[in-house]
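> Predicted model, plus sequence, below.
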Amino acid sequence: MSLRFSVLASGSTGNALYVETDKQKLLVDAGLSGKKMDELFQKIDCDPSQLNGILVTHEHSDHIKGVGIVARKYNLPIYANAKTWQAMEKALGTLTTDQRFHFEIGEVKTFADLEVESFGVSHDAAEPMFYVFHHDGKKLVLATDMGYVSERIKKTIENADTLIFEANHDLNMLRMGRYPWNVKRRILSDVGHVSNEDAAYALAEVIGDRTERIYLAHLSLDNNMKELARLTVEQVLQEQGLAVGERFRLYDTDPYKPTPLAVV
């Protein structure tokens, strides 16, 4: 019995995570077109027609662009909290009543042999939330789109076996970059995105004895680079007495290519 996952896509152009056990197959977000989603599943040799449902984190288009399409094509239930449903309903298009399910912040839902815990984050959406997956003593965390990492979030995600964690931007690249000031201010705010440095300091507090894998996610195409994110996070963690490559490893994610299907 194992918990397996692939970060199908991660970044401002679209986000999706696939999580499976022997009895359950879930998709978290579908921020790309239906066609692209099918291509991503093909790349990891998984059949989207076998999915059991879609969990939604929040209504921004880079997270829901393909949700309605995938749900209709494969007749899937969609789970989101009430405020997110309200905010995304029109964008999803026509759905049947038995495809709409509520999953509120702080709730734990059981999907066959998989327990899913939701937690709120600070981001400029209606009521954004992310997920912790529990299966057979293993813990997988998805935490992106955060303006900052609160103590409550740290407590919820600490000592996970695998973390998929936001490292959105390099501060200097963002400040010197081409974005207008109002967009920069939004990204830097408490309802924006976590920088490489802030991600590293938060990770230093939540990495535990069982942590083996950390995937740096939701990197900005304009204001970050994989190498820079990895280098910054690695440097800060080492300063905090946590040597990358000893107990745990850092992994990249990509906006266009899925990570190989991995066991938590």
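Cool, the structure landed. Numbers count the residues shown, from 1 in each chain.
> May I see the buried residues of stretch 42-59?
Of the residues in stretch 42-59, those buried by neighbour count under the rule 16 or more other C-beta atoms under 10 Å are 44, 46, 48, 51-59. Any C-beta I mention is one placed from the backbone N, CA and C, and that applies to glycine too.
> can you pull out the strands in this structure?
For the chain, applying DSSP state E gives strands covering 4-9, 16-20, 25-28, 53-55, 78-80, 100-102, 108-111, 114-120, 129-135, 138-143, 162-166, 213-217, 249-252, 262-263.
> what packs against the second one?
By that I understand strand 16-20. strand 4-9, strand 25-28, helix 34-43 (3 or more C-beta pairs under 8 Å, 6 or more residues apart in numbering; DSSP states H and E).
> how about stretch 111-123: buried residues?
By neighbour count, and taking 16+ other C-beta under 10 Å as the criterion, the buried residues in stretch 111-123 are 111, 114, 116-123.
> List every C-alpha atom in it, with coordinates, as CSV.
Coordinates of each C-alpha in stretch 111-123 appear next as CSV, following Å, rounded to 0.1, in the frame of the first residue of the first chain:
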residue,chain,number,x,y,z
PHE,A,111,-11.8,9.1,0.2
ALA,A,112,-11.6,5.3,0.5
ASP,A,113,-8.1,4.7,1.9
LEU,A,114,-7.0,8.3,1.7
GLU,A,115,-7.6,11.0,4.3
VAL,A,116,-7.5,14.6,3.1
GLU,A,117,-7.2,17.6,5.5
SER,A,118,-7.8,21.1,4.3
PHE,A,119,-6.2,24.3,5.7
GLY,A,120,-6.6,28.0,4.9
VAL,A,121,-3.9,30.2,3.4
SER,A,122,-3.5,34.0,3.0
HIS,A,123,-4.0,34.8,-0.7
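> Check the average confidence over it, would you?
Averaging the model's pLDDT scores along stretch 111-123 yields 98.
> measure the closest residue to residue 98 other than its chain neighbours to residue 109 for me?
With C-beta to C-beta, 6 or more residues apart in numbering as the measure, residue 77 is the residue that lies nearest to residue 98, at 7.1 Å, once sequence neighbours are left out. Using C-beta to C-beta, to the nearest Å, we find residue 77 at a distance of 11 Å from residue 109.
> Between the helices and strands packed on strand 16-20, which one is closest to residue 99.
When the helices and strands packed on strand 16-20 are compared for distance to residue 99 using C-beta to C-beta, the nearest one is strand 25-28, at 13.5 Å.
> Just checking: what are the partner strands of that closest one?
According to DSSP bridges, the neighbouring strands of strand 25-28, each with its direction, are strand 16-20 (antiparallel), strand 53-55 (parallel).
> Report the distance from the longest one to the chain centre.
Pointing back at strand 16-20 there. Between the centre of strand 16-20 and the centre of its chain there are 9 Å (C-alpha atoms, centre = their mean, to the nearest Å).
> What of the last one?
Averaging C-alpha positions (C-alpha atoms, centre = their mean) puts strand 53-55 13 Å from its chain's average.
> State the mean pLDDT of it.
Confidence over strand 53-55, taken as the mean pLDDT, stands at 98.
> Show residues contacting it.
With contact meaning C-beta atoms under 8 Å, 6 or more residues apart in numbering, strand 53-55 is reached by 26-30, 67, 70-71, 76-80, 101, 103, 111, 116, 131.
> number of nearby residues for the residue nearest to residue 98?
Taking other C-beta atoms under 10 Å as the neighbour definition, residue 77 ends up with a count of 16.
> again with residue 182
By other C-beta under 10 Å, 7 other residues sit near residue 182.
> can you check residue 69 too?
By other C-beta under 10 Å, the residues close to residue 69 number 18.
> right, and it touches residue 32 too?
No. Counting by C-beta atoms under 8 Å, no contact exists between residue 69 and residue 32, whose distance comes to 9.8 Å.
> buried ones in stretch 177-196?
Of the residues in stretch 177-196, those buried under the neighbour-count criterion (16+ other C-beta under 10 Å) are 179, 184, 187, 191-196.
> repeat for stretch 257-264
Result for stretch 257-264 [16+ other C-beta under 10 Å]: buried residues 258-259, 262, 264.
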